[in-house]
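Asker: The amino acid sequence is not available; the structure is as follows:
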């Protein structure tokens, strides 16, 4: 792997390995598994920004540019695009590192989270 100082400064919110239980019969990660991981990463980032609980209210469409294979290390990055009075909108990007060391961009999407209180009602951030 090349040592890129810009990339090394970027930290993923979530990093995990694709395991056989996450795949279909052809050894490729299922979209539902990936969407679950993306939502966990996004909610974690949004909770940090909102300083408390959030709930997902919107996710735009996303497309796979490449498949994720068993053994790939999946990294999910989050950037805050908008901070509202009660909501946080994030851009979430997914990359996979192959066993060969090659890194491929899998997908990106925009997700919006609303800050909630203990009763599940929206609250100010």
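Answerer: Cool, got the structure. Remember, predicted model here, so these are calculated numbers, not experimental data.

Asker: Can you show me the helices along this structure?
Answerer: Remark: helices assigned in the chain by DSSP state H are 5-9, 31-50.

Asker: just these: most buried one?
Answerer: Comparing the helices of the chain by mean neighbour count (mean count of other C-beta atoms under 10 Å), helix 31-50 comes out on top with a mean of 18. Quick note: C-beta positions are derived from backbone N, CA and C, even for glycine.

Asker: Show me the contact partners of that helix.
Answerer: 12-14, 16, 22-23, 53-54, 56, 59, 62, 64, 68, 74, 76, 78, 80, 83, 88, 90, 92, 94, 106-107, 109, 111, 113, 115, 125 (C-beta atoms under 8 Å, 6 or more residues apart in numbering).

Asker: Mind checking which of those residues are buried?
Answerer: 12-14, 22-23, 53-54, 59, 62, 68, 74, 76, 78, 88, 90, 92, 94, 106-107, 109, 111, 113, 115, 125 (16 or more other C-beta atoms under 10 Å).

Asker: which residues does the nearest residue to residue 87 once chain neighbours are set aside bridge with?
Answerer: Nearest in space to residue 87, with sequence neighbours left out and distances taken as C-beta to C-beta, 6 or more residues apart in numbering, is residue 114 at 4.9 Å. When assigned by DSSP bridges, residue 114 has beta-bridge partners residue 55, residue 87.

Asker: if I look at residue 114, how far off is residue 52?
Answerer: According to C-beta to C-beta, to the nearest Å, residue 114 stands 11 Å off from residue 52.

Asker: of the two, who's got more company?
Answerer: residue 114 (20 against 14; other C-beta atoms under 10 Å).

Asker: show me what contacts the more buried one?
Answerer: With C-beta under 8 Å, 6+ apart, residue 114 has these contacts: 54-55, 57, 86-87, 122.

Asker: Equivalent analysis for residue 76, please.
Answerer: If you count contacts by C-beta under 8 Å, 6+ apart, then residue 76 has 12-15, 37-38, 41, 92-94 around it.
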